[in-house]
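**Q** Pasted the sequence and its predicted model underneath.
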Amino acid sequence: MKSGPTYNVQFRRKRTQKTDYKKRLSSLKSEKNRFVVRLSNKLVRAQVVDYKTQGDVCLASVNSNDLKKIYSWKYSLNTTPAIYLTALMLCDKAKKIGIDEVIFDTGLKTYKPKSKIYAALKAIADSNLKCAYDKKAFPLDERIEGKHIDSHLKNNITKDFNEIKSKILKN
């Protein structure tokens, strides 16, 4: 009986393009914690994750619902200002548990510079956590503060943003 050529089936997460294993391996070899940010249609989830051989361990986690619960944020939970404030809350939590250096992880997707996910990277930079970044990727400050949304709302999102930012930075 003849045996034909063998075919190795790729991992499911690689086939469905959910994980880039080369990129993941390089970040794991650095032995630094990952600052993971994931966007959905309604929320932003941010976590600080540590690699263990048995599986990743979440050290701190925040989502944009916490922004609504703790600071009474009354605007959309997946806008650029909400992403920035959510990441800033996680940076504060990370510092409190002794984390001082992270790697920014957006997952497999590659985002264009100045897109709203990089507001989280700007929050990392503003909170003085050590992280490699390029300032060219940051969104404009007007977008981070919500000035582009102000004209469409009855409330002043920029004022609320600055109040919440100062409360988070005081902690």
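**A** It's in.
**Q** what comes into contact with stretch 28-43?
**A** By Cβ atoms under 8 Å, 6 or more residues apart in numbering, the residues outside stretch 28-43 that reach it are 27, 44-51, 59, 63-65, 77-78, 83, 87, 90, 94, 99, 101-107, 116-117, 120, 124, 129, 131. Bear in mind the C-beta positions are built from the backbone N, C-alpha and C, glycine included.
**Q** do that again at 7 Å, thanks
**A** Applying Cβ atoms under 7 Å, 6 or more residues apart in numbering, the external contacts of stretch 28-43 come out as 27, 44-51, 59, 63-65, 77-78, 87, 99, 101-107, 117, 120, 124, 131.
**Q** sec struct for the residue nearest to the spatial centre of the chain, please.
**A** Note on the chain: the residue nearest the mean C-alpha position is Val37, at 2.6 Å, using Cα atoms, centre = their mean. Following DSSP: H, G, I helix; E, B strand; the rest coil, Val37 is assigned to strand.
**Q** Please name the bridge partners of Lys130.
**A** Counting by DSSP bridges, Lys130 forms beta bridges with Glu101.
**Q** can you pull the buried residues of the host helix or strand of Ile164?
**A** Using DSSP states H and E, Ile164 falls within helix 157-170. The neighbour-count check on helix 157-170 (16 or more other Cβ atoms under 10 Å) flags 157-158, 160-161, 164-165, 168 as buried.
**Q** Show me the shaky parts of this protein.
**A** 1-2, 108 (pLDDT under 70).
**Q** can you map out the strands along it?
**A** For the chain, the strands defined by DSSP state E cover 33-39, 44-50, 57-63, 102-105.
**Q** okay, those in CSV with distance to Lys147 next?
**A** Output for the strands of the chain, formatted as CSV (distance: least, Cβ to Cβ, whole Å):
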stretch, distance to Lys147
strand 33-39, 21
strand 44-50, 20
strand 57-63, 24
strand 102-105, 25
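**Q** ok, the buried residues of helix 157-170 vs Lys18, which is closest?
**A** Within the buried residues of helix 157-170, the smallest distance to Lys18 is 31.3 Å, found for Ile168 (Cβ to Cβ).
**Q** Quick check: the gap between the closest one and Arg12.
**A** 38 Å (Cβ to Cβ, to the nearest Å).
**Q** What of Phe161?
**A** 40 Å.
**Q** Could you list every helix and strand in contact with the helix holding Ile164?
**A** Using 3 or more Cβ pairs under 7 Å, 6 or more residues apart in numbering; DSSP states H and E, the elements in contact with helix 157-170 are helix 80-96, helix 147-150.
**Q** gap between the shortest one and the chain center?
**A** Spelled out, it's helix 147-150. For helix 147-150, the separation from the chain centroid amounts to 22 Å (computed by Cα atoms, centre = their mean, to the nearest Å).
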